[in-house]
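Trainee: 3D model of this:
(one chain, ligands or ions: 1)
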Amino acid sequence: MSKTRIYELAKELGVSNKDLMGKLQGMGVEVSSHMGVLDANIVEKVKGLYRPKVEAVEKEIVKKGNVDSKNTQAKHEKSDKPFHKKDESKKEVIKKEENKNEPNKKEPNKNEAVKTNVEKKSGAPKPKSGGNKKDDKNKKGNKKDQKVRENPMERRRREREEEAALMAELEALEAAERAANPNPVMKTIPETITVKDLAEVIGKKGSDLVMNLMKKGKMLTINALLDFDTAATIAQEYNVILEKEEEKDIMETVFAEEVEDDSVLEERPPVVVVMGHVDHGKTSLLDAIRHSSVTKGEAGGITQHIGAYTVQIGGKPITFLDTPGHEAFTAMRMRGAQITDIAILVVAADDGVMPQTVEAINHAKAAGVEIIVAINKMDKPSANPDRVKQELTEFQLLAEDWGGETICVPVSAISQEGIDTLLEMITLVAEMKELRANPNKNARGVIIEAQLDKGRGPVATVLVQSGTLQVGDPIVAGSAYGKIRAMTDDKGRRVKKAGPSTPVEILGLSEVPTAGDGFYVAESDKQARQVAESIIARNRENLIKDTPQKVSLDDLFSQIQSGNMKELNIVVKADVQGSVEAVRQSLERLTNEEVRVRIIHGGVGAITESDVMLASASNAIIIGFNVRPEPAAKAFADEEKVDVRLYRVIYNAIEDVTAAMKGMLDPVFEEKVLGHAEIRQLFKASGVGTIAGSYVKDGKFVRNCQVRILRDNIVIFEGDLESLKRFKDDVKEVAAGYECGLVFKKFNDLKEGDWVEAFTMVEVPR
Ligand SMILES: Nc1nc2c(ncn2[C@@H]2O[C@H](COP(=O)(O)OP(=O)(O)OP(=O)(O)O)[C@@H](O)[C@H]2O)c(=O)[nH]1
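Mentor: Got it, this is the predicted structure:
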């Protein structure tokens with residue numbers, strides 16, 4: 001019967017001699033040293049004792065999914081198949097499991113462990129046969145016989161061979177691992193991440209990651225926050241490459257353009273503005289409308305004034321903006337607020353179409369707003385509605401009863417005549433326009449007016465455009481933000497909600513917002529504050545960067561080329577109506593396939609702030625004939641970067657616009673001062689004239705430059721330099737600190753002490 005020494009069996013089982021000897025003693029086998037010899041039946045018993053533990057550990061690993069069952073089986077059957085990394089982890093577990101039983105035991109080195117495992121599974125150090133278990137068992141028996149017969153030399157050689165074979169297997173294992181995972185996994189994470197979340201990203205258990213970090217000397221809890229770089233370094237170990245998530249612009253989140261599905265849209269009331277010439281009855285009409293609804297039983301108040309109000313007509317609400325006039329309307333538009341659906345154009349029946357009526361028409365048209373004409377003061381004996389209708393035809397507003405499409409309603413704000421009809425017409429037009437909005441979402445809208453109330457703080461009237469505004473909503477409007485503390489409707493009643501087209505007064509903003517600013521409901525108070533802060537920062541930047549340039553003749557061509565410009569809007573102001581019409585016709589005729597030239601407003605008189613406002617809101621240029629901008633309008637145009645061109649001859653304006661459209665405007669020249677010289681002595685030379693002996697004080701004088709001569713700071717001559725001399729010679733240039741002789745073209749009336757300024761005209765890029 002074959003005999004096995006204790007140390008040989010210990011090696012075969014991958015346990016320490018001490019461990020094995022302990023086990024043997026427990027079995028009642030007498031052992032004195034690790035050189036002791038064991039009978040085969042004892043060896044089998046010992047192996048039987050160790051096997052369940054090994055198998056249990058293996059089963060556990062399979063259960064954990066660390067080893068796929070197929071692989072395990074294959075490995076039990078085919079020991080010549082290359083190892084997988086998973087086997088390695090299994091070996092680690094086996095080792096740990098065994099070490100647990102014997103805490104003092106030194107861990108065998110990696111290769112030994114691998115070897116032991118191979119031996120355990122195959123029953124032979126490195127069998128090359130792919131035979132069945134039975135065969136293996138037989139071989140095992142042979143091997144033991146062989147071991148017993150081996151002399152120490154042979155044994156060492158065999159061990160070296162086994163080791164080499166195992167090393168080769170290890171290498172193969174690593175290669176297989178690399179082949180199985182050729183590319184690292186890419187994942188994105190935010191700027192910071194908790195250990196737990198990072199574990200999830202790299203597909204590990206949080207506790208495992210904590211352990212790993214601990215081994216590296218980093219004592220972190222599962223909820224500890226890691227910065228991106230630390231997280232990336234850790235992830236790399238797991239073959240995961242991390243990238244930083246792009247920070248989503250909070251402004252984009254809040255201001256994202258709304259694309260609404262048709263199914264979520266519901267009918268909303270129209271928003272109406274009243275416009276017209278001064279004294280034609282805008283305010284009276286708004287009062288009459290409000291009054292008519294109050295007398296029809298609407299409780300509350302005429303007294304309450306919140307910048308907008310809603311009236312009910314046949315159960316259908318209409319919202320009126322309480323600030324009449326096209327300036328207020330365009331000022332809002334200039335700030336980007338498009339809130340009006342319908343404009344009521346008030347024309348006094350006894351006065352007819354007047355300059356501001358024309359402005360109102362053009363402002364409304366430029367905004368693409370539907371116009372309903374209210375022919376007012378019909379109670380007056382001098383009322384002549386037909387004349388009004390006639391005059392309106394000049395502005396492409398043809399009354400319905402004259403075969404056109406413009407609704408004209410004769411009314412009297414004083415006698416209330418026709419007010420009901422006017423309101424009915426508004427609801428009719430609104431229906432035709434199919435005004436709709438989604439009420440079931442966070443609200444958005446516009447600040448209509450705002451002020452600081454001593455007791456209540458910033459108070460703002462807002463018009464909800466979509467969604468439903470609610471008390472408690474975190475709101476942001478320009479640089480103002482806050483949680484809505486309270487809401488009041490136009491009748492002075494406390495309300496909790498306000499849907500589309502509803503005006504309400506709100507409390508709770510951090511500061512007074514600007515009329516025309518949009519308001520948005522944010523996801524949280526924090527987000528509202530962050531957005532407001534971003535807006536403040538952006539405004540600060542804009543102050544430095546300045547307002548963006550609007551369209552100008554100078555860059556018209558490049559804008560046409562880039563496809564940004566499909567329409568050239570122009571406001572024309574002239575000294576007489578004839579010029580306005582002449583210019584309108586000539587300019588509109590320049591329309592070509594690429595650009596439509598559109599005169600959005602034409603009028604007689606100086607260029608006003610209202611003109612600049614319209615131009616700014618409609619991205620238009622202003623052309624003036626024999627008129628100048630009012631001082632305030634000039635400053636306003638500079639501020640708004642509106643291009644204002646002034647001409648005395650219509651032809652020049654047409655020529656400029658034509659050239660601008662073709663990108664062929666004449667180059668622009670700018671004066672550049674070269675230097676100054678003082679005339680110190682005068683000489684007369686026959687055939688030359690007067691030579692001014694001068695001293696160049698600063699800069700330089702060059703041949704053929706232009707000059708202006710100043711006497712007591714008054715320009716007495718401006719023209720060309722005939723010749724520039726140093727002593728008797730003509731020279732190209734004389735620098736500061738040198739004397740020279742100057743001769744001026746066709747000018748000799750000089751005095752000693754006169755100053756000469758040399759300048760040249762240089763072309764500047766447009
Ligand atoms: N007879 C008569 N007078 C009217 C009517 N509507 C307004 N008025 C008078 O016309 C004058 C001007 O009316 P407002 O309502 O102030 O006109 P407005 O267009 O608001 O004027 P501004 O605010 O200055 O632009 C007032 O004296 C009104 O009493 C009307 O239907 N009939």
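Trainee: Quick one: residues contacting Met354.
Mentor: 277-278, 280 (Cβ atoms under 8 Å, 6 or more residues apart in numbering). In this view, the C-beta of every residue, glycine as well, is placed from N, C-alpha and C.
Trainee: one more time with 10 Å, if that's ok
Mentor: 276-280, 347-348, 360, 391 (Cβ atoms under 10 Å, 6 or more residues apart in numbering).
Trainee: restrict the residues you listed to contacts with the ligand.
Mentor: 276, 278-280 (Cβ under 6 Å from any ligand atom).
Trainee: thinking again about what came up before, can you turn the buried part of the contacts of Met354 into a ChimeraX selection?
Mentor: The following ChimeraX line selects those of these that are buried, judged by 16 or more other Cβ atoms under 10 Å:
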select :276,277,280,347,348,360,391
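Trainee: Can you tell me which of the contacts of Met354 end up in strands?
Mentor: 276, 347-348 (DSSP state E).
Trainee: residues from the chain in reach of the ligand?
Mentor: That would be 276, 278-284, 324, 376-377, 379-380, 412-414, which are the residues of the chain within reach of the ligand (Cβ under 6 Å from any ligand atom).
Trainee: Gln312: which of these is nearest?
Mentor: Relative to Gln312, the closest of the residues of the chain next to the ligand is Ala413; by Cβ to Cβ it sits at 19.7 Å.
Trainee: Please name the bridge partners of Val185.
Mentor: Val240 (DSSP bridges).
Trainee: Count the residues that sit near it.
Mentor: 14 (other Cβ atoms under 10 Å).
Trainee: And what about Arg155, helix, strand or coil?
Mentor: Three-state assignment for Arg155 (DSSP: H, G, I helix; E, B strand; the rest coil): helix.
Trainee: Might one say that it is in contact with Glu8?
Mentor: Yes. Here Arg155 reaches Glu8: they are 9.3 Å apart, a contact under Cβ atoms under 10 Å.
Trainee: From the neighbour counts alone, determine which of the two ranks first.
Mentor: Glu8 (21 against 13).
Trainee: thinking again about what came up before, quick one: buried ones out of the residues of the chain next to the ligand?
Mentor: Buried among the residues of the chain next to the ligand (16+ other Cβ under 10 Å): 276, 280-282, 284, 324, 376-377, 412-413.
Trainee: quick revisit: using pLDDT, spot the least trustworthy of the residues of the chain next to the ligand.
Mentor: Lowest pLDDT of those: Pro324, 80.
Trainee: Helices of the stretch 251-400 of the chain, residue ranges please.
Mentor: Residue ranges of the helices in the stretch 251-400 of the chain, as given by DSSP state H, counting those that start in this stretch, are 282-295, 326-334, 355-367, 385-393.
Trainee: Which among these is found nearest to Lys316?
Mentor: That would be helix 282-295 among the helices of the stretch 251-400 of the chain, by Cβ to Cβ, at 11.9 Å.
Trainee: Name the residues of that closest one that come out as buried.
Mentor: 282, 284-286, 288-290, 292-294.
Trainee: Next, the angle helix 355-367 makes with it.
Mentor: Here the directions of helix 282-295 and helix 355-367 differ by 70 degrees (axes from the mean of the first three to the mean of the last three Cα atoms, to 10 degrees).
Trainee: Mind giving me the packing neighbours of helix 282-295?
Mentor: Helix 282-295 sits against strand 271-276, strand 308-313, strand 316-321, strand 342-348, strand 370-376, helix 419-433, with contacts defined as 3 or more Cβ pairs under 10 Å, 6 or more residues apart in numbering; DSSP states H and E.
Trainee: Adding distance to Glu449, write these out as TSV.
Mentor: Formatted as TSV, the helices and strands packed on helix 282-295 follow (distance: least, Cβ to Cβ, whole Å):
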stretch	distance to Glu449
strand 271-276	14
strand 308-313	9
strand 316-321	10
strand 342-348	19
strand 370-376	24
helix 419-433	22
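Trainee: So for Asp208, which of the helices of the stretch 251-400 of the chain sits nearest?
Mentor: That would be, of those and by Cβ to Cβ, helix 326-334, which comes in at 60.8 Å.
Trainee: Show me what the mean pLDDT comes to for that closest one.
Mentor: Helix 326-334 comes out at a mean pLDDT of 81.
Trainee: wait, Gln338 sits on Thr330?
Mentor: No. Gln338 is beyond contact range of Thr330, at 11.2 Å (criterion: Cβ under 10 Å).
Trainee: and for these two, which residues touch both?
Mentor: 367, 617.
Trainee: neighbour count winner among the two?
Mentor: Thr330 (27 against 14).
Trainee: Quick check: longest strand in the chain by residues?
Mentor: Per DSSP E, the chain has its longest strand at strand 668-685.
Trainee: May I see the buried residues of that one?
Mentor: Neighbour count says strand 668-685 has 674-677, 679 buried, by 16+ other Cβ under 10 Å.
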